[in-house]
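>>> can't give you the sequence, but here's the structure:
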């Protein structure tokens, strides 16, 4: 057996760096320019957003002293990588139809009805995953509709996971303005229930090499505790980032 230096890969005992120097600072600047002041400590990094979603769902299920993990709510239709992360953890997945205006998020009235139905069946929904720029339908959520969904989710005590992987793609700025749930809820202090995901490398990696996923956690309350737990999980998993993709990000 031979030892290796930390972060260099190789035999047992190697410990890949959780993120290259400056990457969390760069991610903080990315969100700051989008109206979300962020400190590096609020940022988690992984090879892609799907691994971050898995860590967030795991952390949300084993925290706050509530057993069983709880179920996950998803809009229908949604990207194919959402549901497998929840099912891998043994969580029940409930789908909620999207409104006529757009995809990426559930109809607010259907969301409330689904939560009521799920609870009456003895299950406890804990997480809602949505996307303001929907990969499946190619639509962007109107701010007023997103506000209704956010209000409903917060009222029901759901953790909001906002997948903003495709936020920076081209859209018609004259028809709608893209707003993150974290931006929308910040003025009322309810953004402690919002985690934001982004993937900075996958769309630009034609070789199939993993990209760089980043997650933003709130600075206080429930979201801060969740972020601390996610950091613990990622430290245990030790996912290795591609050096070239991380440098580009």
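The structure has been received and is ready for your questions. Bear in mind the structure is a predicted one, so any value in this text is a computation, not a measurement. Residues are numbered from 1 along each chain as shown.
>>> ranges for the strands of this structure?
Residue ranges of the strands in the chain, as given by DSSP state E, are 43-46, 71-76, 93-97, 125-130, 159-163, 194-199, 213-216.
>>> a markdown table for the ones you listed, including distance to residue 22, mean pLDDT and mean neighbour count?
Bear in mind the C-beta positions are built from the backbone N, C-alpha and C, glycine included. Shown next, in a markdown table, are the strands of the chain (distance: least, C-beta to C-beta, whole Å; pLDDT from 0 to 100; neighbours: other C-beta atoms under 10 Å):
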| stretch | distance to residue 22 | mean pLDDT | mean neighbour count |
| --- | --- | --- | --- |
| strand 43-46 | 11 | 93 | 24 |
| strand 71-76 | 33 | 97 | 22 |
| strand 93-97 | 37 | 98 | 18 |
| strand 125-130 | 29 | 97 | 26 |
| strand 159-163 | 25 | 97 | 25 |
| strand 194-199 | 17 | 94 | 25 |
| strand 213-216 | 13 | 94 | 27 |
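>>> Can you name the residues in contact with stretch 166-182?
Stretch 166-182 is contacted by residues 34-36, 130-135, 140-143, 146, 150, 160, 162, 164, 191, 194, 196, 198, 216, 218 when judged by C-beta atoms under 8 Å, 6 or more residues apart in numbering.
>>> what about the residue nearest the centre of the chain, distance to residue 147?
Residue closest to the mean C-alpha point of the chain, counted by C-alpha atoms, centre = their mean, is residue 197 at 3.6 Å. Distance, residue 197 to residue 147, using C-beta to C-beta, to the nearest Å: 20 Å.
>>> Which positions in the lengthiest helix in the chain come out as buried?
Ordering each helix of the chain by length in residues (DSSP state H) puts helix 221-237 first. Residues of helix 221-237 classed as buried by neighbour count (16 or more other C-beta atoms under 10 Å): 222, 223, 225, 226, 227, 229, 230, 231, 233, 234.
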